[in-house]
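Engineer: predicted coordinates and the sequence they were generated for:
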Amino acid sequence: MQKHQDILQQVGRMALATAGCSAIMLAIYAVVGRFTTAVLLGGLLGTVIAVGNFLALSITVSNALGRAAAGDNSVKACMSIQSSSVVRTAILAVIYVLLFHAKVCDPLAALLPLLFAQA
């Protein structure tokens, strides 16, 4: 239970930081006169996607480390993390292609939160 609480605390801190950076991004869009509904949707969707990606990463790493600590093969744990990275990246690519193809949101405003989550 403690493991899940730690993950949620980390994700919560990252979500607040990413949301704060996204709010600053939206304010900059407004100051330069480029703020639109598409930019707002891009910022919101990008933030949600970035937090979801970080949550999936955190759960994967935590589970792999737990299996490795329990005596499971550490190479298998490493492969689990790497394969999760490939799958998450593919899912992100599909989501973003669908969003951009449907012209639901501003591409830059949707992609920047992924960078904010990395910092």
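Structural biologist: Alright, I've got the coordinates.

Engineer: where does the protein dip in pLDDT?
Structural biologist: Counting by pLDDT under 70, the low-confidence segments of the chain come to 1, 72.

Engineer: would you map the helices across it?
Structural biologist: Under the criterion DSSP state H, the chain contains helices at 2-31, 37-69, 74-101, 107-118.

Engineer: ok, the most centrally placed residue in the chain - contacts?
Structural biologist: What sits nearest the mean C-alpha location of the chain, by C-alpha atoms, centre = their mean, is A50, with 2.0 Å. Taking C-beta atoms under 8 Å, 6 or more residues apart in numbering, we find A50 in contact with T18, P113, L114, F116, A117. All C-beta atoms are positioned from the backbone trio N, CA, C, and that covers glycine.

Engineer: got it, and T60?
Structural biologist: When contacts are counted by C-beta under 8 Å, 6+ apart, T60 touches S80, I81, S84.

Engineer: ok, now how distant is it from V11?
Structural biologist: Computed with C-beta to C-beta, to the nearest Å, the distance linking T60 and V11 is 13 Å.

Engineer: now A102. Its backbone dihedrals?
Structural biologist: Backbone dihedrals for A102, given as degrees, to the nearest 10, come out at phi -80, psi -10.

Engineer: count of neighbours near it?
Structural biologist: If you count neighbours by other C-beta atoms under 10 Å, A102 ends up with 8.

Engineer: from Y96, how far off is it?
Structural biologist: The span separating A102 from Y96 equals 11 Å under the rule C-beta to C-beta.

Engineer: ditto for A70
Structural biologist: When C-beta to C-beta is the yardstick, A70 and Y96 sit 36 Å from each other.

Engineer: kindly report the same for L16.
Structural biologist: When C-beta to C-beta is applied, the distance between L16 and Y96 equals 23 Å.

Engineer: more neighbours, those two?
Structural biologist: Neighbours per residue (other C-beta under 10 Å) separate L16 from Y96, with Y96 holding more: 18 against 11.

Engineer: count the neighbours of the residue lying closest to A50 once chain neighbours are set aside for me.
Structural biologist: Once flanking residues are discounted, A50 sits nearest to A117: 4.0 Å by C-beta to C-beta, 6 or more residues apart in numbering. A117 is surrounded by 21 other residues when neighbours are defined as other C-beta under 10 Å.
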